[in-house]
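Student: I would like the atomic coordinates for the input below:
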Amino acid sequence: MPTEVPSELPVGDPEVRKAQTFQTKTSEQVDLVDRLNKFSCWSRAVKAVARLIRRARKVKSCDLSSVSERQSAEQLIIKDMQSQTYGEEIKLLSKGHQLPKQNKLYHLDVFLDAEGVLKVGGRLSRSSFPNTFKHPTVIPQGHHVTSLIIAHHHERVKHQGKGFTINEIRSNGYWICGLSRAVATYIRHCVTCRRLRRPVESQKMSDLPVERTEPTPPFTYCGMDCFGPFWTKQGRKEEKRWRQVQYLTEQFWSRWKKEYLHSITARQCWHGTKRNLQVGDVVMDAEDTLPRSKWRLGTVTEVIQGKDGLVRRAKILFGEKELNHKGERTIRTSLERPVQKLVLLLEAV
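Tutor: I've put the predicted structure just below:
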């Protein structure tokens with residue numbers, strides 16, 4: 001008869017080896033401002049956070065967010081951004097300590113307001129201006145939210161330039177560290193500003209070709225004869241005249257080498273090396289006969305490099321303004337254009 005095997009092992013059996021298993025659970029914490037990287041508009045980001053706050057408070061209204069809700073959302077975004085960037089400074093100030101002299105915010109005399117927002121102390125506390133003007137909110141440099149704020153106020157001043165944008169930002173209660181450089185960087189990459197004011201592209205002037213630096217017989221590269229026409233016949237008179245022509249030719253090339261060739265050695269313009277145009281760049285074709293607002297947009301499809309590796313010409317694919325019944329551009333034109341006739345609007349990724 002077969003013996004029955006117990007389905008369960010007795011507790012404390014010396015033949016049984018004990019083993020322990022540990023289960024670890026990892027969770028990635030994403031801050032609020034990190035989620036705002038998907039937004040390219042400051043007002044839309046604020047409205048989205050305002051709706052999240054409304055849902056967190058279990059308000060079921062589907063109406064548009066109010067001004068107070070958007071202000072609360074903006075304050076929440078800035079507090080979260082400040083806690084990421086200025087965490088140590090906020091800890092010191094919350095304990096009543098002063099910032100060390102080597103800290104970047106020391107000269108601003110920063111403080112925490114009643115809501116826990118880091119603001120500039122400054123010297124305007126006795127003025128009659130609003131608190132947002134007297135004590136602007138400190139915004140770190142290089143943050144995505146900072147770029148959204150700069151873009152928002154730059155559009156409000158209708159792309160009028162660096163000075164107008166800086167004044168608009170500060171008058172609305174923001175103190176961005178390194179504001180001048182941050183605004184200049186943003187405007188330099190603003191597509192609308194490039195369409196309005198960016199100059200045409202340039203590239204370092206190339207070396208002279210061989211045909212412009214070596215003596216060659218007439219009519220080799222051009223159709224102008226500097227020494228004739230001369231008719232020659234057999235005889236002493238004609239031979240003497242031919243020798244005179246040879247002498248004048250030798251004198252011409254000698255003076256051309258000594259007096260002219262060195263005058264074109266130096267580059268008169270386009271001295272520095274610039275960024276090469278790349279396939280996929282979006283450009284605007286500068287046409288002298290049309291106003292700037294009528295210049296065509298195109299995409300670089302091919303670049304033509306010189307012997308030095310620099311691009312001075314490129315093939316551009318232009319799309320005509322006429323659309324078919326499906327809203328598609330059916331007529332496309334490909335032209336080869338020098339970089340001096342192109343305005344770069346958007347670099348290829």
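Student: wait, R329 touches E322, no?
Tutor: Yes. The pair R329 / E322 is scored as a contact, 7.5 Å apart, by Cβ atoms under 8 Å. Using the backbone N, CA and C atoms, a C-beta is placed for each residue, glycine as well.
Student: looking at the two, which one has more neighbours?
Tutor: Higher neighbour count among R329 and E322: R329, with 12 against 8, using other Cβ atoms under 10 Å.
Student: for that one, which non-adjacent residue is spatially closest?
Tutor: The shortest distance from R329 to any non-neighbouring residue, by Cβ to Cβ, 6 or more residues apart in numbering, is to G319 (4.2 Å).
Student: residues contacting that neighbour?
Tutor: Residues counted as contacts of G319 (Cβ atoms under 8 Å, 6 or more residues apart in numbering) are 297-298, 329, 331-332.
Student: pull the most distant pair out of the residues you listed.
Tutor: Pairwise distances across the contacts of G319 peak at 14.2 Å for L297 and I331 (criterion: Cβ to Cβ).
Student: of those two, who's got more company?
Tutor: A count of neighbours by other Cβ under 10 Å puts L297 above the other of L297 and I331, at 16 against 11.
Student: tell me the phi and psi of that one?
Tutor: Here is the backbone geometry of L297 (degrees, to the nearest 10): phi -100, psi 150.
Student: SS state for the nearest residue in space to it that is not next to it in sequence?
Tutor: Excluding its sequence neighbours, the residue lying closest to L297 (Cβ to Cβ, 6+ apart) is M284, at 5.8 Å. With DSSP: H, G, I helix; E, B strand; the rest coil as the basis, M284 sits in strand.
Student: and M284, bridged to which residues?
Tutor: Per DSSP bridges, the residues bridged to M284 are L297, V343.
Student: touching, it and L346? I think so.
Tutor: No. M284 lies out of contact with L346 (Cβ under 8 Å); the separation is 10.1 Å.
Student: between those two, which one's more packed in?
Tutor: M284 (20 against 14).
Student: quick check, pLDDT for that one.
Tutor: The score at M284 is 94. That number is its pLDDT.
Student: repeat for the one 4 residues further on
Tutor: D288 carries a pLDDT score of 90 in this model.
Student: pretty sure it sits in a helix.
Tutor: No. According to three-state DSSP, D288 belongs to no helix; its state is coil.
Student: so how far is K321 from it?
Tutor: Here the criterion is Cβ to Cβ, to the nearest Å. By it, D288 lies 20 Å from K321.
Student: so between the two, which is more surrounded?
Tutor: Legend: neighbour count by other Cβ under 10 Å for D288 and K321, higher for K321 (8 against 5).
Student: tell me the secondary structure at the more buried one.
Tutor: Following three-state DSSP, we place K321 in the coil state.
Student: what separates it from T301, distance-wise?
Tutor: 19 Å.
Student: please apply the same query to A184.
Tutor: To T301, A184 is 32 Å away according to Cβ to Cβ.
Student: also Q268?
Tutor: Q268 sits at a distance of 31 Å from T301 (criterion: Cβ to Cβ).
Student: of those two, who's got more company?
Tutor: Between Q268 and T301, counted using other Cβ under 10 Å, T301 has the larger neighbour count: 13 against 7.
Student: with only the CA atoms kept, save the helix or strand hosting the more buried one in PDB.
Tutor: T301 is part of strand 297-305 when elements are defined by DSSP states H and E. Taking Å, rounded to 0.1, in the frame of the first residue of the first chain, the C-alpha atoms of strand 297-305 are listed here in PDB:
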ATOM      1  CA  LEU A 297       8.200  80.300 -46.900                       C
ATOM      2  CA  GLY A 298      10.100  77.200 -47.800                       C
ATOM      3  CA  THR A 299      12.000  74.200 -46.500                       C
ATOM      4  CA  VAL A 300      15.600  73.300 -47.200                       C
ATOM      5  CA  THR A 301      15.700  70.100 -49.100                       C
ATOM      6  CA  GLU A 302      19.400  70.000 -50.000                       C
ATOM      7  CA  VAL A 303      22.500  72.000 -49.100                       C
ATOM      8  CA  ILE A 304      25.500  72.600 -51.400                       C
ATOM      9  CA  GLN A 305      28.900  72.600 -49.600                       C
END
